[in-house]
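J.: show me how the following folds:
(6 chains)
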Protein chains: 6
Amino acid sequence: MKKIAVYPGSFDPVTNGHIDLIKRTLGIVDELIVAVVKDSGKKPLFSVEERMAMLKEVTKDLENVRIDSFDELLVDYARKLGAKTIIRGLRAISDFEYEFQMALMNRKLSKEIETVFMMPSAKYSYLSSSMIKEVVSFGGSLCDLVPKVVEERLKEKLAKK
Amino acid sequence: MKKIAVYPGSFDPVTNGHIDLIKRTLGIVDELIVAVVKDSGKKPLFSVEERMAMLKEVTKDLENVRIDSFDELLVDYARKLGAKTIIRGLRAISDFEYEFQMALMNRKLSKEIETVFMMPSAKYSYLSSSMIKEVVSFGGSLCDLVPKVVEERLKEKLAKK
Amino acid sequence: MKKIAVYPGSFDPVTNGHIDLIKRTLGIVDELIVAVVKDSGKKPLFSVEERMAMLKEVTKDLENVRIDSFDELLVDYARKLGAKTIIRGLRAISDFEYEFQMALMNRKLSKEIETVFMMPSAKYSYLSSSMIKEVVSFGGSLCDLVPKVVEERLKEKLAKK
Amino acid sequence: MKKIAVYPGSFDPVTNGHIDLIKRTLGIVDELIVAVVKDSGKKPLFSVEERMAMLKEVTKDLENVRIDSFDELLVDYARKLGAKTIIRGLRAISDFEYEFQMALMNRKLSKEIETVFMMPSAKYSYLSSSMIKEVVSFGGSLCDLVPKVVEERLKEKLAKK
Amino acid sequence: MKKIAVYPGSFDPVTNGHIDLIKRTLGIVDELIVAVVKDSGKKPLFSVEERMAMLKEVTKDLENVRIDSFDELLVDYARKLGAKTIIRGLRAISDFEYEFQMALMNRKLSKEIETVFMMPSAKYSYLSSSMIKEVVSFGGSLCDLVPKVVEERLKEKLAKK
Amino acid sequence: MKKIAVYPGSFDPVTNGHIDLIKRTLGIVDELIVAVVKDSGKKPLFSVEERMAMLKEVTKDLENVRIDSFDELLVDYARKLGAKTIIRGLRAISDFEYEFQMALMNRKLSKEIETVFMMPSAKYSYLSSSMIKEVVSFGGSLCDLVPKVVEERLKEKLAKK
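T.: Have a look, this model is predicted:
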């Protein structure tokens, strides 16, 4: 049976840490759906459409990756797709506890869906979308931290502000 | 001398994890005052009166439990009640540090009042009022996580929105 | 391509927490090799053969599980088996850091092999082989914590001492 | 009903941190039994009798404290004494996880006995019996860290070596 | 060569914990610039000018300390000053991860500037500017936690509200 | 005044992570004494003399670094050298608590000596002397993890066993 997994997140915007994780995940699943959360409570910098467009652009050469978005309980969304696995990255202890609480709650809501944790490359362990936005807002350089296309959109977006 | 303890919190709304902790605490104190914090900085879903009503409903069969609210320094409130003990639940490491800082500050503010930490049942370790609200807002089922009366009020409240 | 994973450990002895993890892993891989580490530095209670025998007994009804042992670098062992994935359970923060250091070292030693972290059931989060041995040595009951066959072997072993 | 609690530990030797915790606990229980673990796996510096003698000496002016030792499952020992509460100190995160695993295991072994966590004074947060022994072995001064009688016994003991 | 260091922060307001850290740092650097972050995202209680005035007042007897503010990338600011060292205090684990991510990002942005971590006195480990504001807003006493001048300004500021 | 610092440790053997930290520290002190602890309780693989010889070899091109060993209280040793600063590396949370307890104890033993924490390069965050020994004992390759001279000595040493 085809192994389908969902990698949910805000991706506001996608970083090289996310891309690293997507590539690692492709080694263990047959198809990966990268799914932008429509309403995560936080006010995003990019719209859902912009975030999906950037994700599509940076994953266009990867087979078996699909970009989508969702606006419902994650386990309900996964069930509709036929996905049995939720992928989450763990960079640090502070991720760990929140992620475990989410995973235990999701297991409570749906017994058939399992959360699997992947570890990004150590060189991206300090990388988060919010730090990226802070650095760009002060004019710092992002080489090696986000794809070129994302750096351009970030500069456009922050120039308008 | 009668041992009185205060269990302060937002209880927005009360969960089965809170009720589990209340029951465990009754084994070590003579009277427990469950005290809703009036202004905790966060915008609550339920009013103080609604939160107290739900707490009263779900603890009505427990002896030696009283529901109250307060709007002053916790140690001043405890002193007025004749309570020498503050009860706090520890679910996870992330609780631990905040709780320790609060307990050390309270000890600084009042030497006679001691904070005591209780551990909820492992099956509630992933449970928080904010997760409950998120799950209900997406139509997820809460069986076993909150009392029936709380589930009903949550649905009413979120339907109005 | 068949997805093969290795779940290495001491299994001295196997607990219900390990079995829970094995079952969860079967949902995401095609074949799972549970591999007893021959020399882990610690003096074990059971021999490698005894540990493998107990693992075989308790997994005999599970398809796609094989029991083995190894005495070399984990990544070399995995490569020989054609396994691309190492499975590790994360119960707590203290696991987290050691496991991450191991996973990063293994990634350094072999780029093709990825470590994947699974979360056992919350009800086994406090369970470890060393606690099991301590409880049995004092005559405590192990119901629900280890399979019946393991409880018997533990009592035989500790009676001989 | 009289509230009896057990505070188990190695006390090899008792420090001012332990004494601080004993005093704080007396505010919430009617009787406290400080219980030396007979066999904790580690090779102790002082015999059980020596450790009990020091504990008796330093608590002789405290009412409602009794010194004892035990060599069985903690929950069985507590039950015999009629104690419903186990007292444990939490100094740091590293304590936290071990203590939680122990408390969850004890709850599994006996539903009626609850573990309660107390926080020592911040000024003793860095204090452990093993650090005390290390400092004394190099001739460092222990003023404020252990009672005078303990400092003397430590020097006698380490001089003989 | 003169060793210049920057100690950046919100200082909203400065506490005795900050002052303790400033004094400790003077033992390892030749000049220390305490630098108020102009825009940290959070809405401050005191203006940048008020925060700088309080810092100047409480450090007026310390040699080799200068008070400044900045509104750019921290590494760019440090470079202009000729500072090679960023000073940060670590009170607790929760500080640790955020601080490490910041330090790794700053190292990425500028290889020549090193972050150095200092530990405040244990008696200030529970102290944060936000707790200070909470205690004052409820009329609690701040003796020993902030300098007298800061306590006065806090009371003036909160009385106006 | 000349700023002298001590970097104490087992260095059994020195790794590229240690060397990275030594180089970073040279940016903030005038002289660094790398000091091998003579008796750390653990049975070492290399003798004190062998460990010092390797340290001398790998730091021979660094100015202002001196290699030494000590067998007394660290603060007494630092005082004799005229060192006011102890340097420690923090790689992970598990380091953090032990290091903080040590630093607080050292501050108790000597008020004039301050501990300063440095962060190694992220690429060495998973590196420890004990993992190095484990990898070599199984014939794994150490390229980039230890200097060439250390790899040779490790192979000689482990071949003799």
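J.: for chain A, give me the ranges with low pLDDT.
T.: Low-confidence segments of chain A (pLDDT under 70): A:40-41, A:92-97, A:161.
J.: contact residues of it facing chain F?
T.: A:93, A:122-123, A:125-126 (C-beta under 8 Å from any C-beta of the partner chain). Quick note: C-beta positions are derived from backbone N, CA and C, even for glycine.
J.: and the furthest pair within these?
T.: A:Ile93 and A:Lys123 (18.4 Å; C-beta to C-beta).
J.: of these two, who's got more company?
T.: In terms of neighbours (other C-beta atoms under 10 Å in any protein chain shown), A:Ile93 is the more surrounded of A:Ile93 and A:Lys123; the figures are 21 against 17.
J.: just the CA trace of the helix or strand hosting A:Val136, in CSV.
T.: Assigned by DSSP states H and E, A:Val136 falls within helix A:129-137. Presented in CSV, the C-alpha positions along helix A:129-137 are these (Å, rounded to 0.1, in the frame of the first residue of the first chain):
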residue,chain,number,x,y,z
SER,A,129,10.7,31.6,10.0
SER,A,130,10.3,34.3,12.6
MET,A,131,14.1,34.8,12.9
ILE,A,132,14.3,35.0,9.1
LYS,A,133,11.7,37.8,9.1
GLU,A,134,13.6,39.6,11.9
VAL,A,135,16.9,39.4,10.1
VAL,A,136,15.4,40.6,6.7
SER,A,137,13.6,43.5,8.4
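J.: distance between it and the chain's centre?
T.: Centroid displacement of helix A:129-137 relative to its chain, using C-alpha atoms, centre = their mean, to the nearest Å, is 16 Å.
J.: by contact count, what packs against that helix?
T.: Applying 3 or more C-beta pairs under 8 Å, 6 or more residues apart in numbering or on different chains; DSSP states H and E, one finds that helix A:129-137 makes contact with helix A:148-160, helix E:93-109.
J.: what would those look like in CSV with distance to chain D?
T.: Output for the helices and strands packed on helix A:129-137, formatted as CSV (distance: least, C-beta to the nearest C-beta, whole Å):
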stretch, distance to chain D
helix A:148-160, 36
helix E:93-109, 6
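J.: figure out which of the ones you listed is closest to chain C.
T.: Across these, chain C has its closest neighbour in helix E:93-109 (9.3 Å, C-beta to the nearest C-beta).
J.: what packs against that closest one?
T.: helix A:93-109, helix A:129-137, helix B:93-109, helix E:74-81, strand E:85-89, strand E:114-118, helix F:93-109.
J.: for the residue in chain A that chain C sits nearest to, what are its contacts?
T.: With C-beta to the nearest C-beta, the shortest gap between chain A and chain C falls at A:Phe117, namely 3.8 Å. Counting by C-beta atoms under 8 Å, 6 or more residues apart in numbering or on different chains, A:Phe117 makes contact with A:88-90, A:99, C:90, C:116-119.
J.: closest to chain E among the residues you listed?
T.: Out of the contacts of A:Phe117, the member with the shortest distance to chain E (by C-beta to the nearest C-beta) is A:Leu90, at 12.2 Å.
J.: tell me how far that closest one lies from A:Leu109.
T.: In this view, A:Leu90 and A:Leu109 are 21 Å apart by C-beta to C-beta, to the nearest Å.
J.: which bits of chain A sit near chain B?
T.: Counting by C-beta under 8 Å from any C-beta, chain A sits next to chain B at A:72-73, A:75-76, A:93-94, A:97-98, A:100-102, A:104-105, A:108-109.
J.: can you pick the most crowded of those residues?
T.: Most surrounded of the residues of chain A next to chain B: other C-beta under 10 Å gives A:Phe100, at 25 neighbours.
J.: and for A:Ala78, the neighbour number?
T.: The burial count assigned to A:Ala78 is 24, neighbours taken as other C-beta under 10 Å.
J.: cool, and the one 3 residues further on?
T.: A total of 16 residues lie near A:Leu81 under the criterion other C-beta under 10 Å.
J.: circling back to that earlier point, quick check: bridge partners of the residue of chain A closest to chain C?
T.: Assessed by DSSP bridges, A:Phe117 has beta-bridge partners A:Arg88, C:Phe117.
J.: taking chain A, what residue is nearest to chain B?
T.: Closest point on chain A to chain B, by C-beta to the nearest C-beta, is A:Leu104, at 3.6 Å.
J.: verify the stated contact: that residue with B:Ser125.
T.: Yes. Using C-beta atoms under 8 Å, A:Leu104 makes contact with B:Ser125 at a distance of 7.3 Å.
J.: give me the common contacts of those two.
T.: In contact with both A:Leu104 and B:Ser125: C:Ala122, using C-beta under 8 Å, 6+ apart.
J.: mind listing what's buried along the helix holding A:Val136?
T.: Residues of helix A:129-137 classed as buried: A:129, A:131-133, A:135-136 (neighbour count, 16 or more other C-beta atoms under 10 Å in any protein chain shown).
J.: one more: stretch A:140-156?
T.: Across stretch A:140-156, burial judged by 16+ other C-beta under 10 Å covers A:140, A:142, A:145-147, A:150-151, A:153-154.
J.: so can I have a markdown table of the residues you listed showing distance to B:Ile4?
T.: A markdown table is the format used below for the buried residues of stretch A:140-156 (distance: C-beta to C-beta, whole Å):
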| residue | distance to B:Ile4 |
| --- | --- |
| A:Gly140 | 55 |
| A:Leu142 | 57 |
| A:Leu145 | 55 |
| A:Val146 | 56 |
| A:Pro147 | 60 |
| A:Val150 | 58 |
| A:Glu151 | 60 |
| A:Arg153 | 59 |
| A:Leu154 | 56 |
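J.: which one, of the helices and strands packed on helix A:129-137, ends up nearest to B:Leu55?
T.: Nearest to B:Leu55, of all the helices and strands packed on helix A:129-137, is helix E:93-109, at 29.5 Å by C-beta to C-beta.
J.: next, count neighbours for the nearest residue to A:Gly17 once chain neighbours are set aside.
T.: Closest residue to A:Gly17 apart from its sequence neighbours, by C-beta to C-beta, 6 or more residues apart in numbering or on different chains: A:Tyr124 at 3.6 Å. A:Tyr124: 21 surrounding residues under other C-beta under 10 Å.
J.: surely A:Tyr124 touches A:Lys23?
T.: No. At 11.8 Å, A:Tyr124 does not count as touching A:Lys23 under the criterion of C-beta under 8 Å.
J.: show me what contacts the residue in chain A that chain E sits nearest to?
T.: Nearest residue of chain A to chain E, counting by C-beta to the nearest C-beta: A:Tyr126, 3.6 Å away. Taking C-beta under 8 Å, 6+ apart as the criterion, A:Tyr126 is in contact with A:91, E:100-102, E:104-105, E:108, F:122.
J.: of all the contacts of A:Phe117, which comes closest to chain F?
T.: Nearest member of the contacts of A:Phe117 to chain F, counting by C-beta to the nearest C-beta, is A:Leu90, at 13.3 Å.
J.: was I right about that closest one contacting A:Glu99?
T.: Yes. Counting by C-beta under 8 Å, A:Glu99 is a contact partner of A:Leu90 at 6.3 Å.
J.: quick one: name the residues of chain A near chain C.
T.: A:3, A:24, A:27-29, A:84-85, A:90, A:93, A:96-97, A:100, A:103-104, A:112, A:114-119, A:122.
J.: which of the contacts of A:Phe117 are buried?
T.: Buried members of those, counted by 16+ other C-beta under 10 Å: A:88-90, A:99, C:90, C:116-119.
J.: can I get the residues you listed in a markdown table including distance to B:Asn16?
T.: A markdown table is the format used below for the buried ones among the contacts of A:Phe117 (distance: C-beta to C-beta, whole Å):
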| residue | distance to B:Asn16 |
| --- | --- |
| A:Arg88 | 26 |
| A:Gly89 | 31 |
| A:Leu90 | 28 |
| A:Glu99 | 22 |
| C:Leu90 | 25 |
| C:Val116 | 32 |
| C:Phe117 | 28 |
| C:Met118 | 26 |
| C:Met119 | 21 |
